[in-house]
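Student: The sequence and its predicted three-dimensional model are supplied below.
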Amino acid sequence: MTEAAKYQNRIELLQGTLDMLVLQALLREPMHGYAIAQVIRSRSGEVLTVETGSLYPALHRLERQKWVKSEWKLTESKQRAKYYQLTALGKKQLTSDHQRWLQLVRAIGAVMDPEVQQ
């Protein structure tokens with residue numbers, strides 16, 4: 001697939017969805033920003049690409065809301081990087097966001113395929 005085709009097929013995230021995806025990526029272990037972007041990309045089958053211009057403002061916003069906390073550590077390649085970790089408040093928020101997301105998916109599905117609702 002060409003770069004132009006990839007760009008055309010890119011899915012723009014609804015506001016708030018990026019926060020939920022970042023929280024989900026951090027559910028198992030702390031990660032630095034690049035790793036978070038890679039997890040989202042790989043788990044989405046390469047469909048969702050989070051650019052740094054979106055990721056880091058989201059991480060800072062999540063930190064301000066106390067949903068993640070961060071600390072500087074050395075990566076496996078001995079480079080200094082900020083690692084982000086999900087907090088208890090973040091886990092609670094992720095559960096809430098996930099429930100709202102499931103409700104949204106059902107609602108959109110009902111609009112797009114009303115025969116299924118019958």
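Tutor: Perfect, I can see it now.
Student: which residue packs closest to the residue nearest the centre of the chain, ignoring adjacent ones?
Tutor: Closest residue to the average C-alpha location of the chain: Leu21 at 2.1 Å, with C-alpha atoms, centre = their mean. Nearest residue to Leu21, sequence neighbours excluded (C-beta to C-beta, 6 or more residues apart in numbering): Ile40, at 5.3 Å. Every residue, glycine included, has its C-beta placed from N, CA and C.
Student: Count the neighbours of the one you found for me.
Tutor: 20 (other C-beta atoms under 10 Å).
Student: helix or strand for it, which one?
Tutor: Assigned by DSSP states H and E, Ile40 falls within helix 33-43.
Student: Report the angle between the helix or strand just after that helix and helix 33-43.
Tutor: Next helix or strand after helix 33-43 toward the C-terminus (DSSP H and E): helix 52-64. If you take axes from the mean of the first three to the mean of the last three C-alpha atoms, to 10 degrees, helix 52-64 sits at 110 degrees to helix 33-43.
Student: who's in contact with stretch 79-88?
Tutor: 22-23, 26-27, 30-34, 36, 59, 62-63, 66-75, 94 (C-beta atoms under 8 Å, 6 or more residues apart in numbering).
Student: May I ask you to confirm that the residue nearest to Leu21 is in contact with Leu23?
Tutor: No. Counting by C-beta atoms under 8 Å, Ile40 does not reach Leu23; the two are 11.0 Å apart.
Student: and Pro57, how many neighbours?
Tutor: 11.
Student: Now do it against Arg64, distance only.
Tutor: For Pro57, the distance to Arg64 equals 11 Å [C-beta to C-beta, to the nearest Å].
Student: What's the first helix or strand after the helix or strand of the chain with the lowest mean pLDDT?
Tutor: Least confident helix or strand, the chain: helix 3-8 with a mean of 55, by mean pLDDT, DSSP states H and E. Once the chain leaves helix 3-8, the next helix or strand it forms, by DSSP H and E, is helix 17-25.
Student: Please consider this matter closed, and thank you.
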